[in-house]
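Visitor: let me see the structure of the following:
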Amino acid sequence: MRILGIILIIAGILLFVFRSVSFTKKEKVLDVGPIEVSKEKNEQIGWPVYAGGIVALTGVVLLLAAQKKPQ
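Guide: Sure, this is the predicted structure:
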């Protein structure tokens with residue numbers, strides 16, 4: 001549980017710093033016999049700023065819960 005908490009904290013910080021991911025997708029437009037036409041399309045996936053905070057906070061809670069051992 002401790003490792004998962006650390007991973008979530010790191011992921012939350014990365015989500016907070018990098019607010020979107022861009023990538024290029026190759027899309028087939030026309031395919032007639034030996035002729036093939038395709039185009040490249042730029043796409044972007046974004047998430048709200050508070051998502052990184054929620055993920056990091058969840059990691060902190062897991063990390064604190066793992067440190068408390070029942071007596």
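Visitor: list the buried residues in stretch 45-53.
Guide: Within stretch 45-53, the residues that count as buried by 16 or more other Cβ atoms under 10 Å are residue 52. Where you see a C-beta, it was placed from the backbone N, CA and C, and this is true even at glycine.
Visitor: any idea of the pLDDT on the nearest residue to residue 30 once chain neighbours are set aside?
Guide: Leaving aside its chain neighbours, residue 30 sits nearest to residue 37 (4.0 Å; criterion: Cβ to Cβ, 6 or more residues apart in numbering). Note on residue 37: pLDDT of 91.
Visitor: wait, what's in contact with residue 37?
Guide: For residue 37, the contact set (Cβ atoms under 8 Å, 6 or more residues apart in numbering) comprises 28-31.
Visitor: distance between the longest helix belonging to the chain and the chain's centre?
Guide: Looking across the chain with DSSP state H, the single longest helix is helix 49-67. Remark: helix 49-67 is offset 15 Å from the chain centroid, using Cα atoms, centre = their mean, to the nearest Å.
Visitor: do the same with stretch 50-69
Guide: Between the centre of stretch 50-69 and the centre of its chain there are 17 Å (Cα atoms, centre = their mean).
Visitor: check which residues of that stretch are buried.
Guide: 52, 55-56, 58-59, 62-63.
Visitor: ok, back up a step: of the contacts of residue 37, which pair is most distant in space?
Guide: Distances among the contacts of residue 37 were taken as Cβ to Cβ; the most separated pair is 29 and 31, at 8.3 Å.
Visitor: so the residue nearest the centre of the chain is in which element?
Guide: By Cα atoms, centre = their mean, the mean C-alpha position of the chain lies nearest to residue 15, the distance being 6.6 Å. Element membership for residue 15, per DSSP states H and E: helix 2-17.
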